[in-house]
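1. just coords:
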């Protein structure tokens, strides 16, 4: 009886969920950004965001680079300087450095899901070192602290699976999450974000703070449009110099030719930072607008058609049985048990266009509702799977 009650609840949830589905097929994303009245920049950014939310990592990078991809050359002088830098695992360095910090600020590119995956890998280590509060820019409210997972109403970028996993892991570890987004643009927004974080800090003093933001909000120094960024203004309000981390500059692009030349020299297989002969960390060439460190992310390798950074000691491949798919194309979405009914975020998504496509999800241990949707976004199959 319990099984049938759960199934009935799931089916009722599907009916109410269809109107706000943010997970789309590739062809539908292309149609959504085909508006010729919009700029190419807008189309690139929106397509990159839609692809990212729908679990399509490489197409998100490709769409972004249609407008923003640039071929960069390395001078002989810079090449010589960079070859003298030694790579150190970024995770180890950050966790060691975090011991003596009070505020850590780390950014992301909103279309690059690997940044959320790396940030998630830091959570347990930071919690063990006294970090208790996690401010996330995209959050609309703090209701997920009681729900213990993100939902479609939690925020915009948090609809993406890796963002949902990041939030789920943070709550499971014990972090208290809080929103800090502010209205307005440019300088007004930076002031508002910093003030919102400061207001939270004044009321919550039982631990250290991790702040997760987009792009240049994490930068210190002087911004051409904003003057000081959120990070700089938060430092002024608190009297605390935050430890700032950039993930965006030295991350892979869709094509090797668009990568920063430094990536071609380092050739790392894990995220690293670079130390010089004096043990100083390289943090870029711009000394007017900067972060304390810059992470050099590796170029993604693919296993069974999926990005290798999605795998870790707890995550495993799960192959969708051919028998579970009656027609193509389909979207396959994996929800942690009980989350779909509450408009939760899928832990992983894949699109299958033929029976010959790579059909592997990557999932952490647990029980999942695997949902298969046809081209009209109708659910044609649901089944339960335990990942051990």
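-> Good, I have the coordinates. Given the structure is predicted, the values throughout are model-derived calculations rather than measurements. Numbers count the residues shown, from 1 in each chain.
2. Phi first, then psi, for residue 352.
-> Torsion angles at residue 352 (phi, psi; degrees, to the nearest 10) stand at phi -120, psi 120.
3. now do the one 10 residues further on
-> Backbone torsions for residue 362, taken as degrees, to the nearest 10, come to phi -120, psi 120.
4. repeat for residue 256
-> Main-chain dihedrals, residue 256, degrees, to the nearest 10: phi -60, psi -30.
5. gap between it and residue 70?
-> The spacing between residue 256 and residue 70, counted by CB to CB, to the nearest Å, is 13 Å. Every C-beta, even on glycine, is put in place using the N, C-alpha and C of the backbone.
6. Could you do residue 297 as well?
-> Using CB to CB, residue 297 is found at 18 Å from residue 70.
7. who's more crowded, these two?
-> Of the pair residue 297 and residue 70, residue 297 is the one with more neighbours under other CB atoms under 10 Å, namely 24 against 9.
8. ok, now which ones touch that one?
-> 114, 118, 247, 250-252, 263, 271 (CB atoms under 8 Å, 6 or more residues apart in numbering).
9. Give me the lowest-pLDDT entry from the residues you listed.
-> Of all these, residue 263 carries the smallest pLDDT score, 90.
10. That residue: neighbour count?
-> Neighbours of residue 263 (other CB under 10 Å): 20.
11. hang on, it is in a helix, isn't it?
-> Yes: Residue 263 sits within a helix when classified using DSSP: H, G, I helix; E, B strand; the rest coil.
12. filter the contacts of residue 297 to the buried ones?
-> 114, 118, 247, 250-252, 263, 271 (16 or more other CB atoms under 10 Å).
13. In helices only, show me these.
-> 114, 118, 263 (DSSP state H).
14. Could you single out the nearest of those residues to residue 308?
-> residue 114 (9.9 Å; CB to CB).
15. check contacts around that closest one.
-> The neighbours of residue 114, taking CB under 8 Å, 6+ apart as the test, are 57, 162, 251, 297, 300, 307, 309.
16. same deal with residue 252?
-> The contact partners of residue 252, taken as CB under 8 Å, 6+ apart, are 61, 259, 263, 297-300.
17. what does residue 167 give?
-> Residue 167 neighbours (CB under 8 Å, 6+ apart): 136, 144, 149-150, 154, 158, 177, 345.
18. Of these, which is the nearest to residue 25?
-> residue 345 (18.3 Å).
19. Thought residue 157 was touching that closest one, still the case?
-> No: look at residue 345 against residue 157 with CB atoms under 8 Å: they stay out of range, at 10.8 Å.
20. Pull up the overlap in contacts between those two.
-> residue 163.
21. who has more neighbours, the two?
-> More neighbours surround residue 345 than the other of residue 345 and residue 157, with 28 against 20 (other CB under 10 Å).
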